[in-house]
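*Asks:* Below: sequence and its predicted model.
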Protein chains: 2
Amino acid sequence: MKLNERGLLVVMSGPSGVGKGTIRKALFRIPDNNFTYSVSMTTRKPRPGEVDGVDYFFVSRSEFEANIRAGRLLEYAEFVGEYYGTPLSFIEQKLSEGKEVIIEIEVQGALQVREKMPDAVFVFIVPPSKKALEERLISRGTEDAKIIQQRLEKAEREYNLAYKYDYIVVNDDVGNAADRIYAIIRAEHAKTERSIQKYTKLMEGKE
Amino acid sequence: MKLNERGLLVVMSGPSGVGKGTIRKALFRIPDNNFTYSVSMTTRKPRPGEVDGVDYFFVSRSEFEANIRAGRLLEYAEFVGEYYGTPLSFIEQKLSEGKEVIIEIEVQGALQVREKMPDAVFVFIVPPSKKALEERLISRGTEDAKIIQQRLEKAEREYNLAYKYDYIVVNDDVGNAADRIYAIIRAEHAKTERSIQKYTKLMEGKE
């Protein structure tokens, strides 16, 4: 029995290239899960194979800026000349339905969410070493050398922000990392501050 | 990769009759676990099937009191005229070997441990309802009506102490409860305060 009925907002973040997207996909393959993926909005161009509305909502700069002005984004960030943001209303609805909402965002955006949603669970995904991240970014082969260099410099600054997160998960193996995040979600539901209200009702025989 | 290398002390507690022993056995059946059970010391008589050194160390009152005087117990409590306690040296050794030490103790004892070992993880096991606990105690058939009544009165006081624990786990199904405790253990290892030291070393390339 899960004592906390509201869904959790799980913020997966970490340096670019660390494998957040792959872990998220592994997480969603866990049987009988109750996860919803919060699709981000971006102005960057789709990579080969990426689908609008599934991987991202791909929008123009003017559309993105209209969403900012209307306060329809939980967070947004500009990175390497492109906007990335998280639409808000979808998240609120899913949480109240008891769904776990997984968002996978850049570090800058995650720290904005922390201020607005202190109840969310913040997971920092890290590579097993700096070298491993560099190799991953190069082998991905989707960006040119200059962008890779920018990402590595940004990662260097982000490594020092781990202490702002609730959990640190090493992506040494995608399956292990996803399993550990699943464990974090189950554990968070059992945390006393999230479960004591329902527990008290149970003991009073009101449920 | 587990970023925290020291074992966790996991204190499973909850009202008498809630099924702590059964959950502990289910927990130890999880494949590839790294758990060690801290065997308690008691002056009560063995129940049918209980084995000395496995279920408890069964000792005399004078032996138990000698252990108290020598400071060899992490905690102890007297309940229904019998002593129950946790030998200390064994726990320290196993934690430093990276083993998870599971202790399964009465509420009174658990709160003593909280003071001495603030780093430990405290899990309160609760029945799905008060009625369910009463039925369990009666169906167990190992105590007479007077002792059952004492246990129920004690449970009534203990239900209000849930807020002192880190997690609340409902024993609606033994397998589910054990799985959730396993998730709690995995999540606790990933907590930033437990993992940041090793993470920093990884990033400096020192491990």
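*Replies:* That came through fine.
*Asks:* Now for the closest residue to residue A:35 other than its chain neighbours, how many residues are close by?
*Replies:* The spatial neighbour of residue A:35 that comes closest, neighbours along the chain excluded (C-beta to C-beta, 6 or more residues apart in numbering or on different chains), is residue A:100 at 4.9 Å. Bear in mind the C-beta positions are built from the backbone N, C-alpha and C, glycine included. Other residues near residue A:100 number 23, with proximity taken as other C-beta atoms under 10 Å in any protein chain shown.
*Asks:* same thing with the one 4 residues further on?
*Replies:* Residue A:104 is surrounded by 23 other residues when neighbours are defined as other C-beta under 10 Å.
*Asks:* in which helix or strand would I find it?
*Replies:* Assessed by DSSP states H and E, residue A:104 sits inside strand A:100-105.
*Asks:* Would you mind pulling the contact partners of that strand?
*Replies:* A:7-13, A:20-21, A:24, A:27-28, A:33-38, A:40, A:74-75, A:77, A:84, A:86, A:91, A:94-95, A:113, A:185 (C-beta atoms under 8 Å, 6 or more residues apart in numbering or on different chains).
*Asks:* at 7 Å instead, please
*Replies:* For strand A:100-105, the surrounding residues in contact (C-beta atoms under 7 Å, 6 or more residues apart in numbering or on different chains) are A:7-13, A:20-21, A:24, A:27, A:34-38, A:40, A:75, A:84, A:86, A:91, A:94-95, A:185.
*Asks:* before we move on, what about stretch A:85-93?
*Replies:* A:9, A:38, A:40-41, A:64, A:67, A:72-76, A:101, A:103, A:105, A:109.
*Asks:* could you redo the last one with a cut-off of 8 Å?
*Replies:* A:9, A:38-42, A:57, A:64, A:67-68, A:71-77, A:101, A:103, A:105, A:109, A:113.
*Asks:* Cross these against strands and list the overlap.
*Replies:* Taking DSSP state E, the ones among these that sit in strands are A:9, A:40-42, A:57, A:73-77, A:101, A:103, A:105.
*Asks:* which of those residues lies closest to chain B?
*Replies:* residue A:9 (16.1 Å; C-beta to the nearest C-beta).
*Asks:* That closest one: what's it in contact with?
*Replies:* A:91, A:95, A:101, A:103, A:113, A:117, A:119, A:120, A:121.
*Asks:* how near is the closest residue to residue A:65 other than its chain neighbours to residue A:153?
*Replies:* Counting by C-beta to C-beta, 6+ apart, residue A:83 is the residue found nearest to residue A:65 once chain neighbours are left out, at 7.9 Å. With the distance defined as C-beta to C-beta, to the nearest Å, residue A:83 ends up 20 Å from residue A:153.
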